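Novice: Pasting the sequence and the predicted coordinates here, then a few questions.
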Amino acid sequence: MIVSRLTAALLFGSVLVGPAHAGTSLVIDAASGAVLSAENAGQPWHPASTTKMMTAYLALKAVREGRLGLGTAIPASKLAASQPRVKVYIKAGQEVTLDNALRIMMVKSANDIAYVIAEGVGGDVGRFVAMMNAEAARLGMRDSHFVNPNGWHHPDQQTSARDLAILAMALMREFPDYADYWNTPAVQLGKQVLNNTNGLVGRYPGVGGMKTGYVCASGFNVVATANRGGRTLIAVVLGALSGAERTVKAAQLLDDGFGKWGGTGYTVASLPSQGGRAQSICDDVRRKGGGIALADDADSSGPVAAQASGNAEDGGRFATVSAPVFANTSSVLTRLPSGKISLGPRAEAIPVPVAFGRTAASANAPLAANVTGGGDSRVARGAAPVIAPSAPVAAGLFGAQGSGLFADRGRTPSSNGAIPGATTAFAPSDPEVAQSSGAGGPLRLQGAVRTGAAAPASLRGGAAAGIKPLPRPPAKPLLVKPSAKATPTTAASKPAQGKPAQAAAKPQPVKPAAKPKAKTKPNDDA
C-alpha cells in the first residue's frame, strides 16, 4: 500500500513540488499501454509540431477509406504557401503528392506542407481542424484541443503527454505499413538534404522515429518510439529547454523503460487529466535555454549533450530517472567530464528523394478535397476512379508485399515502428461503428468537394478532357455599310449602330434597283 501511494505521488503529485512550469514526461509499453514511468502526464501543454501527428493520422485514415490516394496530387493554396517557417517554400498553385507531402512534413516538420495536407484531406483548414478534434475525442485524448494542423502557436491549442502517447499508439497500430513516414532519417528535395528533426533518429539503436515540436511557449517536445528485445516503447518529453535536452532526456527514459518489466499499475488510458489550460514557458526557454532557437529544424550530425535530468543546473525541470542510465549495457549514453550526458553522432543516412509535382500514380488517384468544381469536375472525377463508392476499402489495402491496392509501394510492417496486431491497447477497429471524422459527418468518397470553378491544371492527368468549356455568348451582328467601295475590313470596323442614317442617305442613284436590297438587309440584322 505504501509503495502504491508513493508511485501515485510520483505520477501525479510532482507538479505540486516541482518548479512552476515543470516539464512533463511519460514512457509506456506500446503493445499493452502499460505506464512504465510518468511525470505530470495529464498536464495540459502546448503541442507545437507534435500536432502534425494528428494531421498524418487523418491523412492515412483518408487513404484507408479510399477518399484519397498516396499518389493524389494536392495543389497548394495561398494560405498554405504563406505559413511561417519551418517550411519548404511551396508556391501557391504548385502540386505535391500526398506521399511526398507526408514524408516532408514528418521529417522536416514543414508548416506549409501540413496546410497542404489539411486542405487536400478536408477541403479547407476549418473543416480539417473539426476532423482533428472529433478524432481526438474518439481516441480518448481528453486534454487535447486543436486550432490548426501544423502546431503554430495558439493559446487555445493544447494536449498532454498522455494524449500524445495515445495518438502515437493509434498511428503505430492502425498504420504499421507506413512507419517509414516518421522514421526516415532524411529526405532530399532538389539539391537540399533535410534531416529528421528527431535527434534520436540515427543515434538511438532501435529508434522508430515519430515527431518533434518547438515553439517558445512549449519548449522542446518530442514523441519517440524504440524497439529492443521484442518490446516497443513510446517516450514523450514536453517542455525541455533545448533540442539536446529533449533528445538526451528521451534516451534516458527509453533506457530506463527497457530496464523495467513491471509497470506502475496504470495504463495510458487510465491516467487522470489535471485539467486547466496550457501555460507558456517562453521565459524559461529564453533565460535558461539561451533564447536562440528560431524553429524546430536545427540539429547537427555530431553528438548531443545535456545536463543530467533533475540536477540543479537545469532547474530540476524533470525528475531523475529511477535507475542509473549506465546500468543498462545496451545504453549509448555516456557521461562527459563536465557531468553532462552525451548521445553519440548520427549515423550517415541516404536521403529519400522527394519532389513537388505529380507522379505516375497521380493519373489514377482520387482527387484532393480542395480540387473544387461543379458538374464538369464531378464527371472528370468519376471518369476513372481508383475505388468505386460501392466498394469499401477493407481487405487487401495493407496486405503483404506485392499484394493489395498499394502493392507498388512494397510496404511491410516495420519491426521498430509498428505495434503487433495482437495488442490489447485498443479495441478492434470496426468501420461500421466508427464515429464520424468531421463535425458535419463523414466525407464523401473521392474527396469532399467545395463549390467553385475547376481548372484543368488542378486535375489529375487526362482528366482535363472531361471538362467542357462554357459556351460563349453570341457575338452581336455587324451592319455592313451599303457602299460598293466598302471592304471587309471597313465593314467589320463599323458596327450596326455606327451611322444608320448615313447608310440610308447615300443610295447609288445610278442603280435604283439595288436600293431596297441595301436598306432591307441591315434593318433585318439590327
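Specialist: Noted; the coordinates are in hand.

Novice: Do you have the strands of the stretch 51-200 of the chain handy? List them.
Specialist: 73-75, 95-97, 186-189, 192-195 (DSSP state E, counting those that start in this stretch).

Novice: again with the chain
Specialist: Remark: strands assigned in the chain by DSSP state E are 24-29, 35-39, 73-75, 95-97, 186-189, 192-195, 207-215, 219-228, 231-240, 304-306, 333-335, 341-343, 352-354.

Novice: In CSV: these, plus mean pLDDT, mean neighbour count and distance to residue 63.
Specialist: C-beta here means a position set from N, CA and C on the backbone, and glycine is covered the same way. As requested, the strands of the chain are exported to CSV (pLDDT from 0 to 100; neighbours: other Cβ atoms under 10 Å; distance: least, Cβ to Cβ, whole Å):
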stretch, mean pLDDT, mean neighbour count, distance to residue 63
strand 24-29, 96, 28, 27
strand 35-39, 95, 25, 31
strand 73-75, 97, 27, 13
strand 95-97, 98, 26, 12
strand 186-189, 96, 19, 19
strand 192-195, 93, 16, 23
strand 207-215, 95, 28, 19
strand 219-228, 96, 26, 21
strand 231-240, 97, 27, 23
strand 304-306, 65, 22, 35
strand 333-335, 80, 15, 38
strand 341-343, 80, 22, 34
strand 352-354, 97, 17, 17
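
Novice: so which of those strands gets nearest residue 170?
Specialist: Judged by Cβ to Cβ, the one of these that comes nearest to residue 170 is strand 231-240, at 11.1 Å.

Novice: helices or strands up against that closest one?
Specialist: Using 3 or more Cβ pairs under 8 Å, 6 or more residues apart in numbering; DSSP states H and E as the contact criterion, the neighbours of strand 231-240 among helices and strands are strand 24-29, helix 161-174, strand 219-228, helix 243-258.

Novice: do you know which of these lies nearest residue 42?
Specialist: For residue 42, the closest of the helices and strands packed on strand 231-240 is helix 161-174, at 5.3 Å, according to Cβ to Cβ.

Novice: Between strand 231-240 and that closest one, find me the angle.
Specialist: Note on geometry: by axes from the mean of the first three to the mean of the last three Cα atoms, to 10 degrees, helix 161-174 and strand 231-240 are set 140 degrees apart in direction.

Novice: related to what we said a few turns ago, please tabulate the helices and strands packed on strand 231-240 in CSV and include distance to residue 180 as additional columns.
Specialist: Compiled in CSV, the helices and strands packed on strand 231-240 are given as follows (distance: least, Cβ to Cβ, whole Å):
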stretch, distance to residue 180
strand 24-29, 23
helix 161-174, 12
strand 219-228, 13
helix 243-258, 20
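
Novice: Could you point out which of those sits nearest residue 271?
Specialist: If you check each of the helices and strands packed on strand 231-240 against residue 271 by Cβ to Cβ, helix 161-174 wins as the nearest, at 4.8 Å.

Novice: okay, the closest one in CSV with CA atoms only?
Specialist: Taking Å, rounded to 0.1, in the frame of the first residue of the first chain, the C-alpha atoms of helix 161-174 are listed here in CSV:
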residue,chain,number,x,y,z
ALA,A,161,1.9,13.7,-22.7
ARG,A,162,-0.8,11.2,-22.1
ASP,A,163,-2.8,12.2,-25.2
LEU,A,164,0.3,12.2,-27.4
ALA,A,165,1.2,8.7,-26.3
ILE,A,166,-2.4,7.6,-27.2
LEU,A,167,-2.0,9.2,-30.6
ALA,A,168,1.3,7.5,-31.2
MET,A,169,-0.2,4.1,-30.3
ALA,A,170,-3.0,4.7,-32.8
LEU,A,171,-0.6,5.5,-35.6
MET,A,172,1.6,2.5,-34.9
ARG,A,173,-1.2,0.0,-34.5
GLU,A,174,-3.5,1.2,-37.3
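
Novice: and that helix with strand 207-215, angle?
Specialist: With the same axes, to 10 degrees as the criterion, the two stretches helix 161-174 and strand 207-215 enclose an angle of 140 degrees.

Novice: which of the residues in helix 161-174 are buried?
Specialist: Buried residues in helix 161-174, counting neighbours by 16 or more other Cβ atoms under 10 Å, are found at 161-174.

Novice: I'd like those laid out as TSV, including pLDDT.
Specialist: Listed next are those as TSV, based on pLDDT from 0 to 100:
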residue	pLDDT
161	98
162	98
163	98
164	98
165	98
166	98
167	98
168	98
169	98
170	98
171	98
172	97
173	97
174	97
